[in-house]
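> Here's a sequence, model it:
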Amino acid sequence: MNDILSRIPVDALRVFETAARLLSFTRAAEALGMSQAAVSWRIRDLEQRLDRPLFVRGVRQVSLTPEGERLATASIEAMTLLRRAVADVVEADQGVLAITTLQTLATQWLATRLGSFQLDNPDLAVRVDTSPTLSMLGADGLDVALRFGSGQWAGLESRFLMPAVFTPLCTPAMRDRLDLKIPADLKRAHLVGEPREWAAWFAAAEVSPADTAPPPRLTADNQAMEVAAALGDQGVALGSPILYARELERGLLVRPFDQTVALAEGYWICYPPARRLTPKIARFRDWLLDTARADPAVVEGARLAGREVGEVGS
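Residues are numbered from 1 along each chain as shown. A predicted model of the protein is given here:
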């Protein structure tokens, strides 16, 4: 059996419902942002498709025919239910901000600051996902991503958040035990981290290959685990002085040397271009970038990397 609605444009029913509810083509036109002539044409087209009149047209007013009254009752009820459903969906979406990010960035920097965003935005609940899976955003219910890379991802707009910088980190006890005075003293250390990053740091510190330590014996897929080893007094790890600023301030970790290296990549906030003005995304983006600009460690790292917080990825 064919669906009778398949031969009737949904827009025509919407125009009819508005005109029937207001009993005025003029007021319906104003409500719908259409001309009165367009409303009249839509109604006339619907009447022709149904092969019966729906309105009695007077000189200054219109009224419903019996058939029009039956259709009006059903269409007004249906449109009311539809409006409520759409409003519920929109409000539910606007009431939750879903963020996907990297574990270390989430635990070491974002989590300690999110409270201020929630205080400023009590109408928004925040959900943070630290899955390593690269989300395309939107299809999986996620709104924004904090990503590490070059700032170029197909189908996404990105703004620079902070640089990826690293320097040796260890406990005060480890520094004293190894008597770390110059970078070459690290040849006595148990190094933790990626070999290529250690090689880059030693080169920046002008340490000859002959004076460097053996290759690291521990590497992990995230910085948090590597620095956790250093916090456990298990060696010297390469870590971000931005992400571990609290531990440095509290004396749990120290920087035996000032030399810091910035990677070409960095951390970015990303979202679909079509959603850049979505209120919850815009509010979070603006808050996040302002928070980064107010962080002295981020500012210093950005200066070292030759970057500016908030710059658009290209």
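> in the stretch 151-300 of the chain, which segments are predicted with low confidence?
Along the stretch 151-300 of the chain, the parts satisfying pLDDT under 70 run over 210-213.
> ranges for the helices of it?
Assigned by DSSP state H, counting those that start in this stretch, the stretch 151-300 of the chain shows helices spanning 172-178, 195-204, 223-231, 245-249, 279-293, 296-305.
> Among the ones you listed, show me which one is buried the most.
helix 223-231 (a mean of 20; mean count of other C-beta atoms under 10 Å). C-betas here are computed from N, CA, C, even on glycine.
> Show residues contacting that one.
Under the contact criterion C-beta atoms under 8 Å, 6 or more residues apart in numbering, helix 223-231 has outside partners 103-104, 107-108, 169-171, 174, 192-193, 218-220, 235-240, 243-244, 247, 252-253.
> picking up where we left off before, turn the helices of the stretch 151-300 of the chain into a markdown table, including distance to Glu67.
Supplementary listing: those in a markdown table, determined by distance: least, C-beta to C-beta, whole Å:
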| stretch | distance to Glu67 |
| --- | --- |
| helix 172-178 | 87 |
| helix 195-204 | 77 |
| helix 223-231 | 69 |
| helix 245-249 | 72 |
| helix 279-293 | 43 |
| helix 296-305 | 68 |
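> re earlier: okay, and which of the contacts of helix 223-231 map to strands?
Under the assignment DSSP state E, the contacts of helix 223-231 contribute Leu169, Val192, Val236, Ala237, Leu238, Gly239 to strands.
> hmm, back to that, select, out of the helices of the stretch 151-300 of the chain, the one closest to Leu97.
helix 279-293 (4.9 Å; C-beta to C-beta).
> who touches Met147 in this structure?
For the record, residue 147 is Arg, not Met. Thr101, Leu102, Leu134, Trp153, Ser158, Tyr267, Trp268, Cys270.
> my read: the fourth one touches Tyr271, true?
Think Trp153. No - using C-beta atoms under 8 Å, Trp153 is not in contact with Tyr271, being 10.4 Å away.
> Looking at the two, which is more packed in?
Tyr271 (22 against 17; other C-beta atoms under 10 Å).
> check contacts around the more buried one.
Leu137, Asp143, Val144, Ala145, Leu156, Glu157, Ile281, Arg285.
> Among the contacts of helix 223-231, name the buried ones.
The neighbour-count criterion (16 or more other C-beta atoms under 10 Å) marks 104, 107-108, 169-171, 174, 192-193, 219, 235-240, 243-244, 247, 253 among those as buried.
> if I look at the residue lying closest to Leu218 once chain neighbours are set aside, how far off is Ala78?
With C-beta to C-beta, 6 or more residues apart in numbering as the criterion, Leu218 has its nearest non-adjacent residue at 4.8 Å, and that residue is Val192. Note on Val192: its distance to Ala78, by C-beta to C-beta, to the nearest Å, is 64 Å.
> Any figure for the gap between Ala224 and Thr171?
16 Å.
> what's the answer for Pro241, then?
Separation of Pro241 from Thr171 (C-beta to C-beta): 15 Å.
> List the contacts of the most centrally placed residue in the chain.
With distances taken as C-alpha atoms, centre = their mean, Val144 lies nearest the centre of the chain, 1.5 Å away. For Val144, the contacting residues are Leu97, Ala98, Ile99, Thr100, Leu137, Ile269, Cys270, Tyr271, Ile281, Phe284, Arg285, by C-beta under 8 Å, 6+ apart.
> Quick check: strands, which of those are part of them?
Per DSSP E, the contacts of Val144 map to strands at Leu97, Ala98, Ile99, Thr100, Ile269, Cys270, Tyr271.
> quick check, nearest of those residues to Val39?
Among those, and counting by C-beta to C-beta, the member closest to Val39 is Tyr271, at 38.2 Å.
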